[in-house]
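Predicted model and sequence below, questions to follow.
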Amino acid sequence: MRYYILNIFLIIAGMAELVDARDSKSRDGDIMSVRVRFPVPKNRNKGSTMTVSDCVFCKIIARKLPAEIVAETDDVIVIKDIYPKAPIHYLIIPKKHITDLRSLEQADMSVVGKILLMVKKIAEQLSGSKAFRLISNNGLDVGQTVFHLHFHFLSGKKMLDF
């Protein structure tokens with residue numbers, strides 16, 4: 001119920017837009033499911049997307065916002081996702097602010113390699129089947145909500161719905 005009230009508050013305050021709302025049955029009775037989407041911050045001067053100063057991942061990297069850090073190197077940080085879609089759901093983030101895969105430049109190739117080596121390191125620490133899924137959303141239309149390149153590392157359950 002608190003989650004529902006918080007979402008309604010965010011919508012009313014204009015901090016989020018309603019994406020989906022529906023009634024559903026649960027073992028404990030009726031519940032209302034509400035999904036909201038936070039708007040993409042805009043740089044009013046240039047009309048471009050999120051800048052380093054208003055990027056949540058840059059704030060986490062700078063230790064201005066809290067996060068549960070799983071692993072870290074000089075170039076990459078791994079944190080637990082606050083809205084996990086699997087028992088293991090990490091975000092692998094380059095410390096350099098890169099908007100998305102389309103924004104990569106030749107000079108960024110070494111950091112991409114370091115991200116993939118971090119994926120390998122995390123995968124080696126998995127128990128059981130060691131199976132995982134790696135996802136990078138690129139653009140608002142496919143679900144990217146933080147415009148700082150990152151990869152979702154998901155594991156711990158069967159994911160055969162792709």
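Received, thanks. Numbers count the residues shown, from 1 in each chain.

can we go C-alpha only for contacts and neighbour counts from here?
Fine.

mind listing the strands in this protein by residue range?
17-26, 29-37, 69-72, 76-80, 88-94, 133-135, 151-155 (DSSP state E).

now for the shortest one, which elements pack on it?
It stands for strand 133-135. When contacts are defined as 3 or more Cα pairs under 8 Å, 6 or more residues apart in numbering; DSSP states H and E, strand 133-135 sits against strand 151-155.

and residue 124, how far is that from residue 118?
According to Cα to Cα, to the nearest Å, residue 124 stands 10 Å off from residue 118.

ok, now residue 86?
From residue 86 to residue 118 the distance is 19 Å (Cα to Cα).

Identify the residue nearest residue 94 in space, chain neighbours excluded?
Distance criterion Cα to Cα, 6 or more residues apart in numbering; nearest residue to residue 94, sequence neighbours excluded, is residue 76 at 4.4 Å.

okay, that neighbour: pLDDT?
At residue 76, the pLDDT value in this model is 98.

next one: residue 13
So, for residue 13, pLDDT stands at 49.

And for residue 151?
98.

same thing with residue 159?
89.

Please report phi then psi for it.
phi -130, psi 80 (degrees, to the nearest 10).

And it, how far from residue 132?
Taken as Cα to Cα, the span from residue 159 to residue 132 is 9 Å.

between these two, who's got more neighbours?
residue 132 (19 against 12; other Cα atoms under 10 Å).

Give me the spatial nearest neighbour of that one, chain neighbours excluded.
Per Cα to Cα, 6+ apart, closest to residue 132 is residue 155, 4.6 Å.
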